[in-house]
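Chemist: Here is a sequence with its predicted model. Questions after.
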Amino acid sequence: MVNKLSGQLGNLSRQDKLHNAYYEGAQRLKHIGLAVPEEFRIFELVANWPRMYVDEVARRQKVKGIYRPGQGKADPDLQEAFTANNLDAEIPILAKENMIFGRMFATVGTNEDDKDHPLITMESPRQMACLVNQRRRRMDAAMRKFQEQDGTQVATLFLPDKTIQLVQSSDGWDIDIVGDDTGVDPHNLGKVPVVLFLNRRRLGKWHGTTEMADVIPLTDACARALTDLQYGVETVAIQKRFAIGVSRGDFVDKDGNPLPAWQSYFNALWATQKSPKDVSIGQLPAADLSNFHNTVKLYAELASSVTGLPFRYFGANTANPAAEGAIRADESRIISNAEEKNAHLGVGLGWTLALYERLRTGEWPEAGEPFAVDWRNPATPTKAEEADAIQKLNGGTPVLSREGSWDEMGWNEARKIRERAYFDDEARDPALEQFQRDLNQQGNQNPVTVPDADADPAASGD
């Protein structure tokens, strides 16, 4: 099993390295162009469209709250899990890495320092692999493999009923026994405590597809055009001067000393002592490089068509900014893309939190009732237009409660709790509260006796 998982990591490593290079803008062009020799690679220039595309989608993937089925408010226990594991910072990394490499992993384990809050960690797909049972669509095993600072190869093997720590030796992989630690943690979950996230999942394929697949060829084509453009700027974009009939000895000062090359070029060249019939001086016209500009623009238009990013994201700006409605319509494809990815990530995060609850409480959540992840609206905010449309549709009648308004504003649960406390403070009347305390104190000192309705009035002196 360890050999299978190690082999899987090895098979995917070359592809992962390439995708990482494209995201970082550090890929090496296979060839620059027919007109540019190999030694001119210093002119390589890359327009990093893959990173722009991935980052733009990831920026629109923000979690607002975690809900249990049937609950109207965010669950405080799950929100606590969210905060304790710093998922506000981890989920953007999950979304981004999932799009870069096509897959991502999350693991859930016990927390030795805080047993009430199990650990949820996002794992790099370059260090982790899994074996999926095709029939049951469940993991049989997963392994995280990495290298210590001293060069030692270590791994963690996740199985349905136990987790095993491994270390590589000259004879292969051994269980990592350190003192009283046997290297084996029997958790008896019945499931591998690992969740696999896939980008652009295909049936029968458990590796996913990078989000950059469609834009990578266009990025390469644009990079070659930009590199050729730079070469053209250095060679033919500036007017070239020439002089025929002069020699090096013509460029001397009044004492006969040779002039520096730059001084000869800018001064002495136009002051040669030879006669006009012996010297021909002129200049060649500069080349028009607008063909490169049009080519780069064409590639940008193609990149816009395959990514769904508005063409203005590629630098095509106009003098008049777009209106709110036009912005929303222009971004419709990128919004739909972000919503679809939120749906897939939300399912995986629900499974992750179910594992968290099992380790925290010892009980699995109710079957068929997954946790729900509420995402913020991925569209560019156009609050004025949206509010105006809602009011017109409803005839001016308020349609949102105070808490509903907070949801529309994108506030998280911590902000809502803080605002509720503010409202409670504002609702208190110090004078009324003091009056109430005085009444209670007076009532305690002079208790009022209520006569029994069945008692004889004569007996009581009434």
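Modeler: Structure received. Numbering: from 1, shown residues only.

Chemist: Check which element follows the strand ranked longest in the chain along the chain.
Modeler: The longest strand of the chain (DSSP state E) is strand 138-147. Tracing the chain past strand 138-147, the next element assigned as helix or strand by DSSP states H and E is strand 153-158.

Chemist: Run the chain-centre distance for whichever helix or strand comes after that following strand.
Modeler: For strand 153-158, the following helix or strand on the C-terminal side (DSSP H and E) is strand 162-169. Offset of strand 162-169 from its chain centre (CA atoms, centre = their mean, to the nearest Å): 31 Å.

Chemist: List the strands paired with the next helix or strand along the chain from strand 162-169, with their directions.
Modeler: Following strand 162-169 in sequence order, the next helix or strand is strand 172-175 (DSSP H and E). Strands that pair with strand 172-175, judged by DSSP bridges, come out as strand 162-169 (antiparallel).

Chemist: one step back: for the longest strand of the chain, packing partners?
Modeler: helix 2-24, strand 103-109, strand 128-133, strand 153-158, strand 194-198 (3 or more CB pairs under 8 Å, 6 or more residues apart in numbering; DSSP states H and E). Just so you know, the C-beta spots here come from the backbone N, C-alpha and C atoms, and that holds for glycine as well.

Chemist: Where does the prediction get shaky in the stretch 101-250 of the chain?
Modeler: 248-250 (pLDDT under 70).

Chemist: circling back to that earlier point, what's the closest of the helices and strands packed on strand 138-147 to residue 79?
Modeler: Checking these against residue 79 by CB to CB gives strand 103-109 as the closest, at 16.7 Å.

Chemist: what's the distance between the most centrally placed residue in the chain and residue 197?
Modeler: With distances taken as CA atoms, centre = their mean, residue 96 lies nearest the centre of the chain, 3.3 Å away. Going from residue 96 to residue 197 by CB to CB, to the nearest Å gives 12 Å.

Chemist: Next: residue 364.
Modeler: Taking CB to CB, one finds residue 364 at 21 Å from residue 197.

Chemist: These two: which is more packed in?
Modeler: Counted by other CB atoms under 10 Å, residue 364 and residue 197 do not tie: residue 197 has more neighbours, with 25 against 13.

Chemist: give me the element the residue nearest to the centre of the chain is part of.
Modeler: Counting by DSSP H and E, residue 96 is found in helix 87-101.

Chemist: In that helix, which residues are buried?
Modeler: For helix 87-101, the neighbour count (16 or more other CB atoms under 10 Å) marks 87, 91, 92, 94, 95, 96, 97, 98, 99, 100, 101 as buried.

Chemist: just stretch 202-218 next, same as before
Modeler: Buried, per 16+ other CB under 10 Å, within stretch 202-218: 206, 207, 208, 209, 210, 211, 212, 214, 215, 216, 218.

Chemist: if I read this right, the fifth one contacts residue 20, doesn't it?
Modeler: This means residue 210. No. When contacts are counted by CB atoms under 8 Å, residue 210 is not listed as touching residue 20 (10.1 Å).

Chemist: coming back round to it: remind me what the helix holding residue 96 packs against, helices and strands.
Modeler: helix 2-24, helix 49-59, strand 63-67, strand 103-109, strand 119-123, strand 194-198, helix 332-361.

Chemist: now for these, which one comes closest to residue 426?
Modeler: Here strand 63-67 is closest among the helices and strands packed on helix 87-101 (CB to CB), at 24.5 Å.

Chemist: and that closest one, which strands flank it?
Modeler: Going by DSSP bridges, the partners of strand 63-67 are strand 372-375 (antiparallel).

Chemist: Now do the partner strand: distance to the chain's middle.
Modeler: For strand 372-375, the distance to the chain centre is 17 Å (CA atoms, centre = their mean).

Chemist: What of stretch 139-158?
Modeler: The answer for stretch 139-158 is 25 Å, by CA atoms, centre = their mean.

Chemist: if we look at it, which residues are touching it?
Modeler: With contacts defined as CB atoms under 8 Å, 6 or more residues apart in numbering, stretch 139-158 is touched by 1-2, 5-6, 9, 105, 107, 123, 127-133, 159-160, 163-168, 173, 176, 191-194, 196.

Chemist: Please indicate which of the residues you listed are buried?
Modeler: 2, 5-6, 9, 105, 107, 123, 127-130, 159, 163-168, 173, 176, 191-194, 196.

Chemist: Distance to residue 302 for the helices and strands packed on helix 87-101 - can I get that in TSV?
Modeler: Listed next are those as TSV, based on distance: least, CB to CB, whole Å:
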stretch	distance to residue 302
helix 2-24	17
helix 49-59	10
strand 63-67	33
strand 103-109	27
strand 119-123	33
strand 194-198	27
helix 332-361	15
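
Chemist: so which of the ones you listed comes closest to residue 252?
Modeler: Nearest of those (CB to CB): helix 2-24, 53.2 Å.

Chemist: and the closest one, which residues are buried?
Modeler: 2, 5, 6, 8, 9, 12, 16, 19, 22, 23.

Chemist: same deal with stretch 400-415?
Modeler: So, applying 16+ other CB under 10 Å, buried residues of stretch 400-415: 406, 411, 412, 413.

Chemist: residue contacts, the third one?
Modeler: When you say that, I think you mean residue 412. Taking CB under 8 Å, 6+ apart, one finds 64, 65 in contact with residue 412.
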